[in-house]
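Colleague: Following is a predicted model, sequence given first.
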Amino acid sequence: IPSMFMQHNLGGRNLCRNKNVSQEFFFEKYNEFIMNHTKAIQETLIDALPPLLEHFGVTSLEEEFAKMNANGGYALHRNADPLGPFSKCKLLFLRMEDSENWQGALERIMPDIRYNKNKGRSEVCPAIAHHYKALQNYEYSVEERKKLIGKDKNIKSYFGVYGNLGEKSSMVATTDGVPAPTTESSGPVVVIVNTPKTGTGGLTNTFARSFKCGGAQKAFDQVSHYSCQSNVDVLRTHNPEPASEALAAIRPNFQDREQCLVITAIRDPRTWIPSMFMQSALGGRDLCNAKIDQKGFFQRYHDFIMGEYEFIQHGILHIRPPLLKHFGATSLDDEFAKMEKNGGYSLLDKPDPLGPFSNCELLFLRMEDSAKWPSFISAVMPGVKYQKNKSRSQECPRIADHYKALQYYDYSDEEIIMMTGGNPEIASYFNIYGF
């Protein structure tokens, strides 16, 4: 609805670049849009989606959301009405809150497709970005809810799966647009603070499915927040500082973190750096299904290392090490010794009592032991069943052999010097894996 508002004369067309707009005035215009243009909002909900779903035999939006929760944000239908206009077609039904997973969903249907999303409204309209973000947590009045939801069964179903505009939500809007803590009894909170390409997606989907979470909300900078059943919260990010700020916002009280689990992972550079390469512009975006020989593939990998070494260094230095320090870890070698003893993990349960992760535990996983992750995770949070995502070789079958060969790539001294940059902490990471 906020996005619809920003497309309307009352919203974006007049307010987008107005630096002098107060949040009070912005919210007044939003209320005016809702109260005077309800019919237009409702028509967008009933004119396209319900009749399309009917052609594919869908009878319940609630059932579709259950499938999306299981799949990480999508449902796929292959059984269109054989006599209807979409016979022999498939329907890919996506949930926008999970757009970070759309690439994987699209590739399962059309392997050569590359998803590129447009700029967000906050990027297009930076002058009112803060006000716009605050609308995600706008506290709808009884009058507004009643007018928007109305009596149509399809509209009721749509608002129902999203919590009826806050009517049943445990989150309350605040003036700065950040959800305030629930006043009900808090359930577990899971904070995934992970280096890219070390199982982040699989971990996130695991907890989102297990706790029956809704789609990701972006109320916090650099953090995806999943609000789940039984007052469970799941946070996902690649940056410890925003993670701590989001945790402080939703669970400010020590006693609300009786089940607070922070998770991070580490991965052998022989597989991690190739995976990072395949996420880069030099790699996966145009190589995933390309016809290229191994020599050309390895040259692109070399170019990635030499040109994007700072990107590699950032992934090693600025996520895992500061997070481990919050939990009293003093040495990566010591943590690896614990992992060897435990079969692939270490559990740090003594965070800084005055730090941002007080009363939390940190589960530190080693990706080479991911086959054991289900037992590790269920031991610290019973009932959670880990399910990993597809591997890169499965997603990119045409270059699978080249990609696997990178595990045995013979790094030159020049490449190692560029990646380590003379930093002892980076050198420790490489050394512990036998470089």
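Modeller: Done, it's in. Numbers count the residues shown, from 1 in each chain.
Colleague: Point out where this structure drops to low pLDDT.
Modeller: Filtered on pLDDT under 70, the chain yields the residue ranges 10-14, 121, 166-185, 254-257, 283-285, 390, 392-393.
Colleague: in it, what residue sits furthest out from the centroid?
Modeller: Farthest-out residue of the chain from its mean C-alpha position, per Cα atoms, centre = their mean: L83, at 39.1 Å.
Colleague: That residue belongs to a helix?
Modeller: No: if the criterion is DSSP: H, G, I helix; E, B strand; the rest coil, then L83 is coil and not within a helix.
Colleague: how near is it to G421?
Modeller: As judged by Cβ to Cβ, to the nearest Å, L83 and G421 stand 65 Å apart. From N, CA and C alone the C-beta is placed, and that goes for glycine too.
Colleague: Same check on P2?
Modeller: Counting by Cβ to Cβ, the gap from P2 to G421 is 43 Å.
Colleague: Between the two, which is the more surrounded one?
Modeller: P2 (17 against 14; other Cβ atoms under 10 Å).
Colleague: Without its sequence neighbours, what residue ends up closest to M367?
Modeller: R267 (4.0 Å; Cβ to Cβ, 6 or more residues apart in numbering).
Colleague: K156 against I149, yeah?
Modeller: Yes: K156 is in contact with I149 according to Cβ atoms under 8 Å; the separation is 5.8 Å.
Colleague: Which one's more surrounded, these two?
Modeller: Taking K156 and I149 together and counting by other Cβ under 10 Å, I149 has the greater number of neighbours (19 against 14).
Colleague: Leaving aside the residues adjacent along the chain, what's closest to that one?
Modeller: Of all residues not flanking I149 in the chain, F159 sits nearest, at 5.0 Å (Cβ to Cβ, 6+ apart).
Colleague: And for that neighbour, the neighbour number?
Modeller: For F159, using other Cβ under 10 Å, the count is 17.
Colleague: tell me which element it falls in.
Modeller: For F159, the host element (DSSP states H and E) is helix 153-161.
Colleague: What are the buried residues along stretch 38-47?
Modeller: Of the residues in stretch 38-47, I41, Q42, L45 count as buried by neighbour count, 16 or more other Cβ atoms under 10 Å.
Colleague: Closest one of these to D401?
Modeller: L45 (47.8 Å; Cβ to Cβ).
Colleague: Assumed that closest one was part of a helix.
Modeller: Yes: under three-state DSSP, L45 falls within a helix.
Colleague: Distance of it relative to I149?
Modeller: 10 Å.
Colleague: okay, and the common contacts of these two?
Modeller: I155 (Cβ atoms under 8 Å, 6 or more residues apart in numbering).
Colleague: OK, contacts around the spatially closest residue to F26 that is not a sequence neighbour?
Modeller: Excluding its sequence neighbours, the residue lying closest to F26 (Cβ to Cβ, 6+ apart) is H131, at 4.2 Å. Contact analysis of H131 by Cβ under 8 Å, 6+ apart lists V21, Q23, F26, F27, G177.
Colleague: Is the first one in contact with C125, as I believe?
Modeller: Right, V21. No: counting by Cβ under 8 Å, V21 does not reach C125; the two are 10.3 Å apart.
Colleague: now the helices for the stretch 251-400 of the chain?
Modeller: 269-279, 284-287, 294-307, 309-317, 320-326, 332-342, 373-380, 392-395, 400-405 (DSSP state H, counting those that start in this stretch).
Colleague: where do the helices sit along the stretch 101-250 of the chain?
Modeller: 102-109, 121-124, 129-134, 142-149, 153-161, 200-210, 240-250.
Colleague: and those, which is most packed in?
Modeller: Counting by mean count of other Cβ atoms under 10 Å, helix 200-210 has the highest mean neighbour count of the helices of the stretch 101-250 of the chain, with a mean of 23.
Colleague: what's next to that helix, contact-wise?
Modeller: 69-70, 72, 101, 104, 190, 192, 194, 213, 224, 226, 228, 234, 236, 238, 263, 265, 377, 383-389.
Colleague: Could I get the CA-only coordinates of it as CSV?
Modeller: Coordinates of each C-alpha in helix 200-210 appear next as CSV, following Å, rounded to 0.1, in the frame of the first residue of the first chain:
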residue,chain,number,x,y,z
THR,A,200,23.5,-18.1,4.9
GLY,A,201,20.5,-18.8,2.7
GLY,A,202,20.1,-22.4,3.9
LEU,A,203,20.3,-21.3,7.5
THR,A,204,17.8,-18.5,7.0
ASN,A,205,15.3,-20.7,5.2
THR,A,206,15.7,-23.4,7.8
PHE,A,207,14.6,-21.2,10.7
ALA,A,208,12.0,-19.4,8.6
ARG,A,209,10.4,-22.7,7.7
SER,A,210,10.7,-24.3,11.1
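Colleague: angle of it against helix 102-109?
Modeller: 90 degrees (axes from the mean of the first three to the mean of the last three Cα atoms, to 10 degrees).
Colleague: what touches both of K156 and I149?
Modeller: Between them, K156 and I149 share no contacting residue, judged by Cβ under 8 Å, 6+ apart.
Colleague: Please name the bridge partners of the residue nearest the centre of the chain.
Modeller: By Cα atoms, centre = their mean, the chain has its centre lying nearest to S224, at 5.3 Å. Beta-bridge partners recorded for S224 (DSSP bridges): R236.
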